[in-house]
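> the sequence isn't on hand, but the structure is:
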């Protein structure tokens, strides 16, 4: 297993493989995302242009099996900064840890920690004082929730992240069991970078 950091132009070359991985992983609960390669590649290309963008990838035998992204919160997507600005929080000092996606066969090997370690170190080196990410909020009794589903909240808390009360963004996407896009609340988690 090899963990490496991609910035432009290496990130741009990896976009098709990262798009494929995002679709595969986000199709599962809790995201239930019914994505397309065209949209994903466009999204990732715009991400690659964001200020301080980074992708940390896990590769085995030359194949990307996991990826975690990050960038300046304000430059990633204007919607991400809105909840912070509404509460008078300087979003310009916050590094946004975007998605972390990992092939299920590679989970439980410390790769998730390596993803956070790399992004947080990158953010500190660029002068950010906090790190944040957001996660979809689903009802406890969602009909597509697997009986063995285990949320990642304990992992995130162990990393020093806490739910930021009142910091919720709303994003739209098509769920695998829907015919149209619907709104999804996304709860922010945040931690100070030492």
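Ah, there it is. Keep in mind it's a predicted model, so treat the numbers as computed, not measured.

> C-alpha from now on. contacts and neighbour counts both.
Fine.

> against residue 172, how distant is residue 115?
Separation of residue 115 from residue 172 (C-alpha to C-alpha, to the nearest Å): 26 Å.

> among those two, which residue is more densely surrounded?
residue 115 (25 against 11; other C-alpha atoms under 10 Å).

> so where does the more buried one fall, helix or strand?
helix 111-125 (DSSP states H and E).

> what of residue 65?
Secondary structure (DSSP H and E) places residue 65 in strand 63-72.

> ok, residue 191 next?
strand 181-192.

> what residues sit buried inside that strand?
184, 186-191 (16 or more other C-alpha atoms under 10 Å).

> dump these to TSV, plus pLDDT and distance to residue 110.
As requested, the buried residues of strand 181-192 are exported to TSV (pLDDT from 0 to 100; distance: C-alpha to C-alpha, whole Å):
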residue	pLDDT	distance to residue 110
184	96	29
186	95	25
187	96	24
188	96	23
189	97	20
190	96	21
191	97	20
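
> show me the contact partners of stretch 147-159.
29, 162 (C-alpha atoms under 8 Å, 6 or more residues apart in numbering).

> what's the average pLDDT for that stretch?
Mean pLDDT, stretch 147-159: 95.

> buried residues, it. List them.
residue 156.

> and the contacts of stretch 57-75?
1-6, 17-18, 21, 47, 50-56, 80-81, 91-92, 94-103, 106, 111, 115-116, 119.

> ranges for the strands of this structure?
2-6, 54-60, 63-72, 94-102, 130-136, 162-174, 181-192 (DSSP state E).

> turn these into JSON lines, including distance to residue 153.
Compiled in JSON lines, those are given as follows (distance: least, C-alpha to C-alpha, whole Å):
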{"stretch": "strand 2-6", "distance to residue 153": "24"}
{"stretch": "strand 54-60", "distance to residue 153": "21"}
{"stretch": "strand 63-72", "distance to residue 153": "17"}
{"stretch": "strand 94-102", "distance to residue 153": "14"}
{"stretch": "strand 130-136", "distance to residue 153": "10"}
{"stretch": "strand 162-174", "distance to residue 153": "9"}
{"stretch": "strand 181-192", "distance to residue 153": "10"}
